[in-house]
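*Asks:* Okay, predicted coordinates and the sequence, questions at the end:
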Amino acid sequence: MKYLFFIMLFFAVFSCKKDKIDEPIVVVPPVKEVEIKVEPYFGTTKLFLDSTYTTSDNYKIQFTDIKFYCANLKSGNKSLSDIALFDFRETGNSFLKVAGISSDFTALNAILGVDSARNHSDPAAFSSTSPLNIMNAGGMHWGWNPGYIFMKIEAKVDTIPDATTNCTHFVTFHIGKEENKGTINLPSIPWKISSEYLSTATLKIDLNQFLISPQIIDVKTEYLSHTASGQELLSSKVMQNFSTSFSFIP
């Protein structure tokens, strides 16, 4: 009986192994992505926060903060992203990285700011991964009626043209409100193939051009806007100039 038991056990185990079919291993290929980075410049020179540059008025200027939102980023009728936030001090050149194929996005059209519907939504209601979530906004939400700050540039300036550098004159542009939304319309995106699954492009902001075109911003006398009452003209000028300071690096 003892031997009969082991013989029966052997055939039972062998039968189970024979009937078992190995499941195929499913290999999921990496998702193709597109990435847009942002590189601030001052004229032809790469811009670094807290470094000193010279304006067309011969003022010395040090930029201390550069942030902005873009909404409804698309190419024609193809959506690239609903929202993206650039925060130079906190995240460097990072701006946008999403699943996609570069050939689907030949141009860039976007709102410079936050679209009307989301601008007045509860910032705590957005998902924890959204740039609009109050924990990710990084001081880009006022918490009162106008909603989000669309763009923020802060700087220190030395307005006395001499041999010394003494940047004690503060420049603060915090622009929001519906009437100040800007646009970015660039006809082509010069994608570069970084790998089999990643294409990248670099968006340039020229802060020298921002100060002079299409209108001159004299940072000695035009240095403060929180988009409050009485600051409408400067707020509009700042946003118009900022909108035209974008281009892609070839």
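*Replies:* Received the coordinates, thanks. Residues are numbered from 1 along each chain as shown.
*Asks:* Output the lengthiest strand in the chain as CSV - backbone C-alpha positions only.
*Replies:* What stands out as the longest strand in the chain, according to DSSP state E, is strand 60-75. Extracted C-alpha coordinates of strand 60-75, given in CSV (Å, rounded to 0.1, in the frame of the first residue of the first chain):
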residue,chain,number,x,y,z
LYS,A,60,22.1,96.7,-14.4
ILE,A,61,19.4,94.1,-13.8
GLN,A,62,19.2,90.8,-11.9
PHE,A,63,16.2,88.6,-12.5
THR,A,64,15.1,86.8,-9.3
ASP,A,65,11.9,85.0,-10.4
ILE,A,66,10.4,83.9,-13.8
LYS,A,67,7.1,82.0,-13.8
PHE,A,68,4.2,81.6,-16.2
TYR,A,69,1.2,79.4,-17.0
CYS,A,70,0.2,78.2,-20.5
ALA,A,71,-3.3,76.7,-21.1
ASN,A,72,-4.8,74.8,-24.0
LEU,A,73,-1.5,74.0,-25.7
LYS,A,74,-2.2,72.5,-29.1
SER,A,75,-1.2,72.2,-32.7
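*Asks:* And the helices in the protein?
*Replies:* Per DSSP state H, the chain carries helices over the ranges 2-19, 88-91, 116-119, 207-212, 232-243.
*Asks:* List the buried residues of the second one.
*Replies:* Using 16 or more other C-beta atoms under 10 Å as the burial criterion, the residues of helix 88-91 that qualify are Phe88. (Each C-beta comes from the backbone N, C-alpha and C, glycine too.)
*Asks:* send the alpha carbons of that helix over as PDB?
*Replies:* Extracted in PDB, the C-alpha atoms of helix 88-91 (Å, rounded to 0.1, in the frame of the first residue of the first chain):
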ATOM      1  CA  PHE A  88      12.600  78.700 -13.400                       C
ATOM      2  CA  ARG A  89      13.800  78.700  -9.800                       C
ATOM      3  CA  GLU A  90      12.100  75.600  -8.600                       C
ATOM      4  CA  THR A  91      12.200  73.300 -11.600                       C
END
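*Asks:* Now do that helix: which elements does it pack against?
*Replies:* The criterion is 3 or more C-beta pairs under 8 Å, 6 or more residues apart in numbering; DSSP states H and E, and the helices and strands that helix 88-91 contacts are strand 60-75.
*Asks:* Name every strand pairing with the strand it packs on and say which way it goes.
*Replies:* strand 52-54 (antiparallel), strand 78-87 (antiparallel), strand 108-112 (antiparallel), strand 149-158 (antiparallel) (DSSP bridges).
*Asks:* on that earlier part again, by how many degrees do the longest strand of the chain and helix 232-243 diverge?
*Replies:* Computed with axes from the mean of the first three to the mean of the last three C-alpha atoms, to 10 degrees, the direction of strand 60-75 lies at 70 degrees from that of helix 232-243.
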